[in-house]
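K.L.:
predicted model and sequence follow; I will ask about them next.
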Number of protein chains: 2
Amino acid sequence: MSGVAVQRARAGSSGRAKTEARAGGVRSGGADDAVAVERRDEILEIAAELFAERGYRATSIRDIADRAGMKAGSLYYHIASKEALFVEIHDKALDAAAARVRAAIAGCRSPWRRLEAACVEMLEIQLNPESLTLPIMNNFRSVPDDVKAELIRKRDEFETIFRDIVGGLPLPVSIDRTIYRILLLRLLNTADEWYREGRLTRPEIASQIVAIFRH
Amino acid sequence: MSGVAVQRARAGSSGRAKTEARAGGVRSGGADDAVAVERRDEILEIAAELFAERGYRATSIRDIADRAGMKAGSLYYHIASKEALFVEIHDKALDAAAARVRAAIAGCRSPWRRLEAACVEMLEIQLNPESLTLPIMNNFRSVPDDVKAELIRKRDEFETIFRDIVGGLPLPVSIDRTIYRILLLRLLNTADEWYREGRLTRPEIASQIVAIFRH
DNA sequence: ACATCAATCTAACAAGTGTTTGGTAGATAA
DNA sequence: TTATCTACCAAACACTTGTTAGATTGATGT
């Protein structure tokens, strides 16, 4: 505690806080800082991979820094905190996923075809650890409480897409559409946990899911 | 490392290792050590609750000790290590769950009734944080690799019950029974993550699941 | 009274956590 | 050349982690 106090005092006298100016994410850029932006995106992608692989808690700042080829402290030139990094990744991933799913179902007229297209795309997203669109839509248990609320809000927004899709299905009245959607989304969102490579392809899995959920 | 070596050597010279004699779990008991056994079971149950709530990694030895009303170091009189504690809980939980599900489907003649009874029981198990039968059948991501294999083995053994149940269902040939079972189990095992209190009762949820999975 | 023993405490250990500080090589701009 | 600014590093901070050693307390048995 005393150490912190000393540091604060010194920082006050010597001026400036370079880090904060950048870590917010808003670039007050010069001419071409394309390199800088790329570096930051690179870090986001690396962190996204690790979060997806090991979860939030099990991924340390030093893990991310290692993979990015730098020291832990240097990361804080690019990010504000581990929490902020995760929230940013999470939001971007959901936005990208929403765009992909919307594009995938755009051409489908029949409601069941729409569902199948959405399932295929969701499986593709969840099982391809190559882009920022990554399977981190769950694992909220390992996330601190203060961030959790915001994450859930964003996820609910994403799941609106599926409320529309399920709403258009000609289901028997005996089936509750809300729990139908919840169960379907749970399966798609956790695909990386139950999918076993080699048995069935992703489209085959999607058509199996639709076969089960179709009535 | 050097510290461990020193400690081992000293334990050898001064005799005895009280802790190890007990932590293994096998009691070389005196007359009535019912109190001691109860204390250990109490610890197991407390730890099981915390593991279920927060996951393996997010639950610290000190958390468990706090809830048990003692200090962290004292826990090691009862357990050998955090990993061993988790494995023991996991195994006991699966054994108890298997017994409960088997008992629940015992009286059912129709295959669909069997499925429904199994679903009801599984939801009861997953959503009642009161006994050692607790929702810790997943979350393997946060578990160290060396333990993971053993946990998966035990879980596969448990899931045999559902292979039999699904095997008895008169499903259309277009549906792959393996993925059917995987999807169903994934939903039941993660019920605590998607279940929202107040909307539907557990038996209602179970009948909805069967309504969706029935063909 | 004395020794034994279960059950706990205190206190530390090494390792790892997120984060901050002050410094610095190298490019860019005046 | 000199000054500025980006992107990093080295080193520490305070804190938490699982785990262990050794001392202590209270009950039990002789």
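P.N.:
Sure, I can see it.

K.L.:
backbone phi and psi for residue A:57, please?
P.N.:
Note on residue A:57: its backbone torsions stand at phi -70, psi -40 [degrees, to the nearest 10].

K.L.:
can you get me a residue count around residue A:198?
P.N.:
Neighbours of residue A:198 under the rule other Cβ atoms under 10 Å in any protein chain shown: 5. C-beta here means a position set from N, CA and C on the backbone, and glycine is covered the same way.

K.L.:
distance of it relative to DNA strand D?
P.N.:
Computed as Cβ to the nearest atom of the strand, to the nearest Å, the residue A:198 to DNA strand D distance reads 35 Å.

K.L.:
and the helices in chain A?
P.N.:
A:2-14, A:18-23, A:34-54, A:61-68, A:82-105, A:111-127, A:145-167, A:177-189, A:191-194, A:202-213 (DSSP state H).

K.L.:
any chance of those helices in CSV, with mean pLDDT and mean neighbour count too?
P.N.:
Output for the helices of chain A, formatted as CSV (pLDDT from 0 to 100; neighbours: other Cβ atoms under 10 Å in any protein chain shown):
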stretch, mean pLDDT, mean neighbour count
helix A:2-14, 27, 8
helix A:18-23, 41, 13
helix A:34-54, 86, 17
helix A:61-68, 98, 17
helix A:82-105, 94, 18
helix A:111-127, 94, 21
helix A:145-167, 89, 14
helix A:177-189, 95, 20
helix A:191-194, 88, 18
helix A:202-213, 96, 19
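
K.L.:
residue B:55 is nearest to which of those helices?
P.N.:
helix A:34-54 (12.1 Å; Cβ to Cβ).

K.L.:
just checking, what packs against the closest one?
P.N.:
If you count contacts as 3 or more Cβ pairs under 8 Å, 6 or more residues apart in numbering or on different chains; DSSP states H and E, helix A:34-54 packs onto helix A:61-68, helix A:82-105.

K.L.:
just put these in JSON lines and tack on distance to chain B.
P.N.:
Below are those laid out as JSON lines (distance: least, Cβ to the nearest Cβ, whole Å):
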{"stretch": "helix A:61-68", "distance to chain B": "14"}
{"stretch": "helix A:82-105", "distance to chain B": "15"}
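
K.L.:
near residue A:107, how many other residues are there?
P.N.:
Neighbours around residue A:107, by other Cβ under 10 Å: 9.

K.L.:
gap between the closest residue to it other than its chain neighbours and residue A:105?
P.N.:
Residue nearest to residue A:107 in three dimensions, not counting chain neighbours: residue A:117, with 8.0 Å by Cβ to Cβ, 6 or more residues apart in numbering or on different chains. Note on residue A:117: its distance to residue A:105, by Cβ to Cβ, to the nearest Å, is 5 Å.

K.L.:
repeat for residue A:81
P.N.:
36 Å.

K.L.:
quick one: pLDDT of the closest residue to DNA strand C within chain A?
P.N.:
Residue nearest to DNA strand C within chain A (Cβ to the nearest atom of the strand): residue A:73, separated by 2.5 Å. As predicted, residue A:73 sits at a pLDDT of 97.

K.L.:
report the separation between it and residue A:79.
P.N.:
11 Å.

K.L.:
around chain B, which positions in chain A sit nearby?
P.N.:
A:54-55, A:57-58, A:138-139, A:141-142, A:172, A:174-176, A:178-180, A:182-183, A:186-187, A:190, A:193-194, A:199-200, A:205, A:208-209, A:211-213, A:215 (Cβ under 8 Å from any Cβ of the partner chain).
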